[in-house]
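S.K.: give me a 3D structure for the following:
(2 chains)
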Amino acid sequence: MNRTTVIPFGPQHPVLPEPLHIKFVVEDETVVQAVPQLGFVHRGLESLVRTKDFKQMVFVVERICGICSCIHANCYCNAIEDMLGVTAPPRAQFLRVIWSELHRVHSHLLWLGLFADAFGFESVFHQFWRIREHVMDICEATAGNRVILSVNVVGGVRRDLTPDQIRWMLEQLNELEKGVLDMSKTMLQDYTVQERTRGIGVLSKNDARLLGAAGPTLRGSGWACDERMRGYAAYKELNFVPVVEQDGDCYARSKVRFYETLHSLELIREALHRLPESELAVKLPGNPDGESVFRVEQPRGELFYYVRANGGKMLERMRVRTPTFANIPPLLHMLPGCKLPDIPVIVLSIDPCISCTER
Amino acid sequence: MFFEAKPVTPETLLSETQRLADANYRFVTMSQTVLNERTLRLYYHFDENLTVDELRAGTEPASRPPMTHLRLDVDRNQPIPSVSSVYFCALLIENETQDQFGVRFEGLPLDYEGAMYLEGEVSRAPYFTMTTVKRPLAGTASEDKGGAQ
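M.R.: Modelled structure (predicted):
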């Protein structure tokens, strides 16, 4: 007869230093049930809309998540701009894409390192984080900060790129791309990587849709669903193609992120070459009124904002659905049936961000 | 983008959701807004996915259909039917709504009963305490009331 044991995972775990707790019911070495517990650091940031005016909220939403702060601000600003009936100038739209894609690259490189660490490949972890420093340097040189960029404002952006900065960025991107390509053989073909990730944590195409998966978790299961396809900001003018894999396992999700990193570098290059001349922000006609929803693509997937305003300075309601929140039900579906040593690999494969989830 | 939502009632919510599920829509999320002390407005947001075949067939980004929204106004004291029997993923946001708005969903496959973010034994927010400091009357010995926290 199999012996049933309950094993707690988190809220402090060596492989995931974020406060997510999952209670695993295991029979011998096999997981039979996973029950999550959230809320260890819930901050109630959504409720701040009633005490901060809608322009100040840009800086609050950036603090929902450090890794994709710029993309949170981009989504929020677009939702408010829709309500106000204004559009950010063309140069601002391109600059938003550039900084958003820089965030995607550094998020994916961070994840690729952490993922390698999850299955015990520490030298790969160090290599990816070393390469990632190029992006952090670019962010610091162009926005003044490494993580929280604070470049978006409602109506546009508040920083610009000089021709010298663009030339320097293009050189840095070449270095960055070379570093990522050097890692491709290890990350995509190495025996150890494949043994630890292929056929692990499989999410079928139909389950991915029914369970509401988002981002690389959804695209790794065969859906070409990427909000950038809708062409928000300047994506409609760039040569964007979603990266899609069919196998639905941890290896497929890591491949999606690896190729997306390279594609993001291409998008940044293209945007830098085609950066139009215009002002950086438009004047706002007043306060927002009505209801609006907007979606953008974060590194971890689709980010959704709902805002409701009544014509005053403060918004009435803001609701944020982050991609990790969407990817928890698929995770709970992937875990039962897996072996204990595969738990960290599967949990990491959705790139969980509890900072986002507990906004 | 501004959006239009199709109004539904608690009686028609599940059939409408099932219709969207049958048409291969993906459940994106729910939004909630308080209309007044008694009424909560719930929006259910859905999206259609593209397959790789459709993409290769040359589907233009702009031709992607917009989101579909359902709108449900409910009495906060009445139970709300859970759509997680149709979309399992809705259980998380429905549990969150229970935590944050004090409503009840019927038919949740995993029901935290309003304690998803706080354990059941926690009766109040652990990092927020509000106490009243009573000044001792002049001439009387002060009693230790614990002071402000």
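
S.K.: stretch A:307-323 vs chain B: in contact?
M.R.: Yes. Contact of stretch A:307-323 with chain B (Cβ under 8 Å from any Cβ of the partner chain) involves A:308, A:316-317, A:319, A:321. Bear in mind the C-beta positions are built from the backbone N, C-alpha and C, glycine included.

S.K.: any chance of JSON lines for those residues, columns pLDDT and secondary structure?
M.R.: Output for the residues of stretch A:307-323 next to chain B, formatted as JSON lines (pLDDT from 0 to 100; DSSP: H, G, I helix; E, B strand; the rest coil):
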{"residue": "A:R308", "pLDDT": "90", "secondary structure": "strand"}
{"residue": "A:E316", "pLDDT": "87", "secondary structure": "strand"}
{"residue": "A:R317", "pLDDT": "87", "secondary structure": "strand"}
{"residue": "A:R319", "pLDDT": "90", "secondary structure": "strand"}
{"residue": "A:R321", "pLDDT": "89", "secondary structure": "strand"}
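
S.K.: in JSON lines: those residues, plus neighbour count.
M.R.: Below are those laid out as JSON lines (neighbours: other Cβ atoms under 10 Å in any protein chain shown):
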{"residue": "A:R308", "neighbour count": "21"}
{"residue": "A:E316", "neighbour count": "16"}
{"residue": "A:R317", "neighbour count": "19"}
{"residue": "A:R319", "neighbour count": "21"}
{"residue": "A:R321", "neighbour count": "26"}
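
S.K.: would you point out the most distant pair within those residues?
M.R.: Greatest spatial distance in those: A:E316 and A:R321, 17.8 Å, computed using Cβ to Cβ.

S.K.: now the strands: where do they sit in the stretch 51-200 of chain A?
M.R.: Here the stretch 51-200 of chain A has its strands, by DSSP state E, counting those that start in this stretch, at A:152-153, A:156-157.

S.K.: same check, this time on chain B
M.R.: B:6-8, B:25-34, B:39-48, B:68-75, B:80-81, B:105-106 (DSSP state E).

S.K.: got a list of what the residue lying closest to A:M136 once chain neighbours are set aside touches?
M.R.: Leaving aside its sequence neighbours, A:M136 sits nearest to A:R146 (Cβ to Cβ, 6 or more residues apart in numbering or on different chains; 4.6 Å). Contacts here follow Cβ atoms under 8 Å, 6 or more residues apart in numbering or on different chains; on that basis A:R146 touches A:136, A:139-140.

S.K.: ok, of those residues, which come out buried?
M.R.: Buried by 16 or more other Cβ atoms under 10 Å in any protein chain shown: A:136, A:139, out of these.

S.K.: show me the contacts of A:R146 that map onto helices.
M.R.: A:136, A:139-140 (DSSP state H).

S.K.: including pLDDT, could those go into CSV?
M.R.: Below are these laid out as CSV (pLDDT from 0 to 100):
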residue, pLDDT
A:M136, 91
A:C139, 90
A:E140, 90
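
S.K.: nearest to chain B, of the residues you listed?
M.R.: A:C139 (27.6 Å; Cβ to the nearest Cβ).

S.K.: hang on, isn't the closest one packed against A:L149?
M.R.: Yes. Using Cβ atoms under 8 Å, A:C139 makes contact with A:L149 at a distance of 6.1 Å.

S.K.: intersection of neighbour lists for the two?
M.R.: Joint contacts of A:C139 and A:L149 (Cβ under 8 Å, 6+ apart) are A:99, A:103.

S.K.: which regions of chain B sit below the pLDDT cut-off?
M.R.: B:1-2, B:49-65, B:118-149 (pLDDT under 70).

S.K.: ok, 80 please
M.R.: B:1-3, B:48-66, B:112-149 (pLDDT under 80).

S.K.: quick check: B:Q32 vs chain A, distance?
M.R.: 7 Å (Cβ to the nearest Cβ, to the nearest Å).

S.K.: chain B: helices as residue ranges?
M.R.: According to DSSP H, the helices that chain B contains are B:13-22, B:52-56, B:90-101.

S.K.: ok, residues contacting the last one?
M.R.: Identification of contacts with helix B:90-101 by Cβ under 8 Å, 6+ apart yields A:212, A:321, A:325, A:328-329, B:27, B:29-30, B:32, B:34, B:40, B:42, B:76, B:82-84, B:103-105, B:108-118.

S.K.: which parts of it are buried?
M.R.: Buried residues in helix B:90-101, counted by 16+ other Cβ under 10 Å: B:90-100.

S.K.: now the first one
M.R.: Buried residues in helix B:13-22, counting neighbours by 16+ other Cβ under 10 Å, are found at B:13-14, B:16-17, B:20-21.

S.K.: relative to chain A, which of those is nearest.
M.R.: Distances from chain A to the buried residues of helix B:13-22, taken by Cβ to the nearest Cβ, are shortest for B:A21, at 7.7 Å.

S.K.: for A:H333, see how far away the closest one is.
M.R.: 16 Å (Cβ to Cβ, to the nearest Å).

S.K.: sorry, back to before: what subset of the contacts of helix B:90-101 is buried?
M.R.: Neighbour-count burial (16+ other Cβ under 10 Å) applied to those gives A:212, A:321, A:325, A:328-329, B:27, B:29-30, B:32, B:40, B:42, B:76, B:82-84, B:103-105, B:108, B:111-112, B:114-118.

S.K.: close to chain B: what parts of the stretch 251-359 of chain A are there?
M.R.: Contact residues (Cβ under 8 Å from any Cβ) of the stretch 251-359 of chain A with chain B: A:290-295, A:302, A:304, A:306, A:308, A:316-317, A:319, A:321, A:325-326, A:328-330, A:333, A:358.

S.K.: of the residues you listed, which belong to strands?
M.R.: Among those, the ones falling in strands (DSSP E) are A:290-295, A:302, A:304, A:306, A:308, A:316-317, A:319, A:321.

S.K.: tell me the two of those residues that are most distant?
M.R.: A:E302 and A:E316 (23.8 Å).

S.K.: surely A:S254 and A:T197 touch.
M.R.: Yes. Applying Cβ under 8 Å as the test, A:S254 and A:T197 come out as touching, 6.2 Å apart.
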